[in-house]
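>>> here's a sequence, model it:
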Amino acid sequence: MSGKFTIARYTKDNSHFELLVKPEKALDYHNGKISAITEVLAAETIFSDANKGTRVAEDELKKAFDTTDPLKIADVIIKKGQLQLTTDQRRKMVEDKRKQVIDYISRQAVDPKTNLPHPPLRIENAMEQIRYPIDPYKSIDEQARDIIKLLRPILPLKVE
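Numbers count the residues shown, from 1 in each chain. I've put the predicted structure just below:
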């Protein structure tokens, strides 16, 4: 498979469904930034194994999705399924989430001695010391709580 396309996967009732999609457009569609599914698809074919080119039988599609319309099925697969990300996409998502977490901590937590917020750079440097792996799919609140617990021995923090 060329680097131009990636796979969106979805499993329902022990049946496996795959689509060939354009990585950037698929991520935008999944996040609701674009609404035209035809821009996302490399082919309007539903596969059971995209790498081998094995198509899913129509009766199996009807059973799983109550339709054989490839565009409606593709919508479900991309929105509810698992989207393979390119390395660059994943790196960008992790970096964006990391910045959001640092911003959240700098707004919510203060230095208990001065009651002033820690600068984002100080929080970022302390986070590098604890080596917390940022998950692009976890919520900011959840990750920030975990990070604050780990940062307390390094950086005095009080959450308002």
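
>>> do you have the helices of this structure handy? List them.
Using DSSP state H, the helices found in the chain span residues 23-30, 37-40, 58-65, 70-80, 87-108, 120-130, 140-151.

>>> which residues touch Leu155?
118, 122-123, 126 (Cβ atoms under 8 Å, 6 or more residues apart in numbering). C-beta: built from backbone N, CA, C; applies to glycine.

>>> please pick the buried ones from these.
Listed as buried from the contacts of Leu155 are 118, 123, 126; burial here means 16 or more other Cβ atoms under 10 Å.

>>> surely the second one meets Arg107?
So that's Ile123. No - with contact defined as Cβ atoms under 8 Å, Ile123 does not reach Arg107; the gap is 10.4 Å.

>>> re earlier: which one of the contacts of Leu155 is nearest to Arg152?
Arg152 has its nearest neighbour among the contacts of Leu155 in Ala126, at 9.9 Å by Cβ to Cβ.

>>> next, count neighbours for the closest residue in space to Ser106 that isn't next to it in sequence.
Nearest non-adjacent residue to Ser106, counting by Cβ to Cβ, 6 or more residues apart in numbering: Pro120, 4.7 Å away. Neighbouring residues of Pro120 were enumerated by other Cβ atoms under 10 Å; the total is 14.

>>> Tyr29 too?
24.

>>> quick one: it and Gly81 touch, right?
No - applying Cβ under 8 Å, one finds Tyr29 not in contact with Gly81, separated by 11.8 Å.
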